[in-house]
Structure formats: C-alpha cells, structure tokens
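Q: Predicted model and sequence follow; I will ask about them next.
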Amino acid sequence: MADMADARQNYQALRTHIKETATLGSVSALLGWDQETQMPPRAAETRSNQFSLLARMHERQTSPKLGEMLSAVESSELIQDPFSDAAAIAREVRRSYNRATKLPATLVEEIAKTSVLAHQSWAEARKASAFKTFEPWLSKTVELQRQVADCIGHSGQRYDALLDEYEPGETTARVGEVLRNLRQPLVDLVGRISTSGKVAPVEIFDRRYPRDAQEKLAREASAAIGFDLSAGRLDVSVHPFCTDLGPGDVRITTRYDESDFSSAFFGVLHETGHALYEQGFLPEHGGTPLAAAVSLGIHESQSRMWENLVGRSSAFWRYFYPKAQAAFPDALKDVAADRFLFAINDIRPSLIRTESDEATYNLHVLLRFEIETALLSGDLSVADLPGAWNEKMKMYLGVAPPDDARGCLQDVHWSHGAIGYFPTYTLGNLYSAQFFEQATKDIPDLDGQLSRGQFEPLIQWLRQNIHEHGQRYRANELVQRITGGPLKPDALLNHLKRKAAEYYGV
Ligand code: ZN
C-alpha cells in the first residue's frame, strides 16, 4: 500500500488535472455550440484554427504524469470502497486513459483520414442510392474498428471493446440477450397494430403552426418540466442537440417547422430530458466523472422518459392540451383531446429510423445491432449488407426499402466508424420504461400529479436516483439499485402493449 498522505496528494492533483481538462473541453464545446447556432459562414477557417489549438489538449489525456497519479490512487486505500468518490473517479479516468493510450498514433491517424473520406463517399452513395460506392470504405472502416477492438482488448468478443466506448462495462452478450427477448413480442405487437384497421389521425399535424407560437409553447413546456433557463439556453440549429458546458451552463437546441407541430415540441421535450440530467449533477463534482453521464443509454433514458413516457401520456396532455389549443387556435380548435392523443401516439412501420415512432424505432435499432455485430465478427460480408438489411426490414417491420438510400445507406454512423453506438438508443428506451415503472410505484399518484402540471416530484426522484450520482454506478448497477433487478424488456413491452390496447384495440 502506498503512503496515505502521498495517495491523497496524488488524488488532489488528479482531480485538478481532470477538472482543467474538462474546462478545456467545455471551451471547445462552447465553440461547437456557437458554430451550430450563431457563427457567420466566413468564420469557418478561424473556427477550425481554434479547434485545432484546443485539440492539442488531447496530450493531457495521455500524459505519463496522469498515468502515475492514477496508479498512485489505485494502489491506495482511497479506493477500498468501490463506490467512493475516489474509486469511481479512478475507475472512469482509468477507462478513458486506457482507451486514449492503447491506440497507436498511426492507427488514430488512419482512422481520422478514413472517416473523412468514408463520410464523403457515404454522402455520395446515399445521394445516388449506390451502395457499391460506399462498400470499399465500409470494408475499410470495419477492418479499422477490428484493429481498435484488438488494441483496446476484449475477451474474445471484439464488439465488447467498441460498445464499451458508449456503454462503459456493458457486454455484447448482455445487451444481445435483452434485445433478443424484446424482438419477437415487439414484432408481433407491431404486426397486430398494422392489421388493426385503425390509423392515427396524423393529418392534424399538416396544418399551419406559426413558429413564434411553437417556440413559446416549447419554452413553456421545457420550463414546466424543470429546465432551469437561468442555467441554460434554448436556441435553433439544423440538428437538435444538448451540450453541457459545465455547472450552470447547459444548452439545448431545436428547429421549427411551421407545417409540423410535433417535431419541435417533442424534440424540445427530448433535449430537455438530456438537459435535466446534466443540470442535476452536483456542482462540487463538476469536471469529474461524478458529474458525467453513466453512459449514452442512461443519457437517452432521461430524454426518452420526458419525450415518450411523460410527453405522450394522456396525463401530461390533460394539463397541456388547453395551452396547445390556445397557442394554435386555427389548427387545433376543432381537434378533440383524444384525437390529438391518438395522433401523437401513432405507431406504424416505416423505412426511416429517425422518423419512426417509439415502438417501431426499436426494431430499426435491433436490425442495426444484429448487422453490425455480424459485420464485425465476419459472419456477414460488407457486400451482402443491402440484402441482409432488406430481408430483416421485411421480417421485423413488414416493409421493404425500394432503394439503399432508404435502406442501409440512411444513417451516418458507420461512415464515422461508430460501430456499437446504435444499441444505446434502444437501451435508452428500455431503461426509461423500467425507471418510469419504478417511479410510478415510488411516487404516490404520479399520474394525477402529471395531469395537474406537478412535475417536481418526478424531477426530484430522477435527481436522487440517477442524476446526482454521475458515474458513481455503472448502468447495470444503477438499474439494479433503482429497480431491484437487471434490465429486462418487460417494462417497455408493457408500456407499448397498454398503448396498443388503448389506441388500436389490440
Ligand atoms: Zn437523445
């Protein structure tokens, strides 16, 4: 055991080091936010210079000094309790230190170069719907990601090493089992809905919804569910996002479409869910893993909860629908609340993941998870990807893409080398449903509270159970602690089955 005073000193130095790195990261994130929301077009070169200078901070994350401080903390009694501040910080800093130091510079460079060219070729291929153009680049990307997995290390399953970037400590076997158990019941449910003969009245969204009124209502909803606008902002960008610039500064964006009410409204609820998570971290832990998201899946569970579990519920709209009708008298005055509710709970198979509903979305993700694990292991060759994609679309969703642009070329992820990312979306849906089911048990009359616009008890529940812990617990530990069991598909399936019964009578 290292000397305790020495260990404490190293721990303090380690904290200072990572906090400074986080501050540099937040400067870079602020530049990124500005680029998406405010930056004049001719500033591109200046911005790129600013980014490259800041990118040199990467050395801080691989510095031998950091490695030494980390080893000193790891070999001390400070980490005896695995859930202590020091142990959680050491564990997560070790994880990112390993990921940053285990890849040879030549491989990092090759990946950077390839991803620029692969992205270009993907954009061209998608435009022309010509998979052949992208095929050699995807092959190269898969090969490079195999090398990444081997450098980082794994116990036989390369996908584990890639998944770990987005879901720390998660395994392919565990995620695979949950998703497999979700698949058939969900395919059956979506099938019953499709043949129910009932169709949601989504045409009510094709009316005119003035932009200013949309913004006013979205801001009101965001603030009502707890977004602190004195510690955050809501702005406009082409691709909506949420960015955490540190304690007291969390920013979200959206985009408004006057001929569509739902995309901005539910988009803002979604990003507000992400923002609430980040506003819920404890300020004293700012810049450390104790003020960071457990994983992308847990992050997504927070956005999906407000967007879907709360935001599409009849309770929420008992409170909010009169406000929506007042905001859009022309579009909504002749629309009864139950018709509106059916429209926002539309479930129907479609070709494009990003436009799909909360039920079929998971089948889009499942297909991608199965395909990318098979590509990585070599069970599926890149050349056979379009065929495999179309076959699974037919099997799971009953629809066949007419071309690859609306099939296997629709998502940007693989062109960037992001293999292992897709499952985080459905993990988010699964976590959100399991958490919400528990919240419903823990909070008396949650439904009644939501229908009266009383969101505070749910926010407090999320803060205490999830937000305040940052990365103290890994995702599987968090789920176990909160819900008393491992992640299962049951809560999500039950939630979707209730909707299917209510709106489609199946
Ligand atoms: Zn999200």
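A: Structure's in. What do you need? Numbers count the residues shown, from 1 in each chain.

Q: which one's the longest helix in the chain?
A: Longest among the helix segments of the chain by residue count, using DSSP state H, is helix 4-37.

Q: Let's test this: mean pLDDT of that helix, rounded?
A: Mean pLDDT, helix 4-37: 96.

Q: Likewise for stretch 392-403?
A: In the prediction, stretch 392-403 has an average pLDDT of 97.

Q: For it, what is the distance to the chain centroid?
A: Its chain's C-alpha centre and that of stretch 392-403 lie 25 Å apart, by Cα atoms, centre = their mean, to the nearest Å.

Q: just to revisit the earlier point, for the longest helix of the chain, enumerate the helices and strands it packs against.
A: Contacts defined by 3 or more Cβ pairs under 8 Å, 6 or more residues apart in numbering; DSSP states H and E place helix 4-37 against helix 44-55, helix 58-62, helix 64-74, helix 85-102, strand 242-244, strand 250-254. The way it works is simple: take the backbone N, C-alpha and C, and place the C-beta from them, glycine included.

Q: Nearest to residue 431, out of those?
A: Residue 431 sits nearest to strand 242-244 of all these, at 17.2 Å, using Cβ to Cβ.

Q: one step back: a markdown table please, covering the helices and strands packed on helix 4-37 and showing mean pLDDT, distance to residue 364 and mean neighbour count.
A: Below are the helices and strands packed on helix 4-37 laid out as a markdown table (pLDDT from 0 to 100; distance: least, Cβ to Cβ, whole Å; neighbours: other Cβ atoms under 10 Å):
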| stretch | mean pLDDT | distance to residue 364 | mean neighbour count |
| --- | --- | --- | --- |
| helix 44-55 | 92 | 33 | 12 |
| helix 58-62 | 86 | 34 | 14 |
| helix 64-74 | 97 | 40 | 17 |
| helix 85-102 | 96 | 28 | 19 |
| strand 242-244 | 97 | 22 | 22 |
| strand 250-254 | 98 | 22 | 24 |
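
Q: Distance to residue 396 added to these, as TSV?
A: Formatted as TSV, the helices and strands packed on helix 4-37 follow (distance: least, Cβ to Cβ, whole Å):
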stretch	distance to residue 396
helix 44-55	40
helix 58-62	40
helix 64-74	44
helix 85-102	33
strand 242-244	30
strand 250-254	30
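
Q: How far away from the center of its chain is the longest helix of the chain?
A: Between the centre of helix 4-37 and the centre of its host chain there is 23 Å, according to Cα atoms, centre = their mean.

Q: tell me which residues of it are tucked away?
A: By neighbour count on 16 or more other Cβ atoms under 10 Å, the buried set for helix 4-37 is 7, 10-11, 13-15, 17-18, 21-22, 25-26, 28-29, 32-33, 35-36.

Q: Which elements pack onto the least confident helix or strand in the chain by mean pLDDT?
A: Ranked by mean pLDDT, DSSP states H and E, the weakest helix or strand in the chain is helix 58-62, scoring a mean of 86. In terms of contact count using 3+ Cβ pairs under 8 Å, 6+ apart, helix 58-62 is assigned the packing partners helix 4-37, helix 85-102.

Q: Select, out of those helices, the one closest to residue 296.
A: helix 85-102 (14.3 Å).

Q: which other helices and strands contact the closest one?
A: Applying 3+ Cβ pairs under 8 Å, 6+ apart, one finds that helix 85-102 makes contact with helix 4-37, helix 58-62, helix 64-74, helix 131-152, helix 158-166.

Q: hmm, who's touching that helix?
A: If you take Cβ atoms under 8 Å, 6 or more residues apart in numbering as the criterion, helix 85-102 is touched by 11, 14-15, 18, 58, 61-62, 66-67, 70, 73-74, 78-82, 151-153, 164-165, 168, 285, 288-290, 292, 470-472.

Q: Next: stretch 362-371.
A: With Cβ under 8 Å, 6+ apart as the test, stretch 362-371 has contacts from 175-176, 179, 182-183, 186-187, 190, 349, 353, 356, 380, 385, 388-389, 392-393, 396-397, 408, 411, 422-423, 425-426, 429, 492.

Q: same question, stretch 45-55
A: For stretch 45-55, using Cβ under 8 Å, 6+ apart, the contacting residues are 24, 27, 28, 31, 35, 39.

Q: cool, and stretch 180-199?
A: For stretch 180-199, using Cβ under 8 Å, 6+ apart, the contacting residues are 347-349, 359-360, 362-363, 366, 395-398, 426, 430, 488-489, 492-493, 496-497, 500, 503-506.

Q: Good, we can wrap up now.
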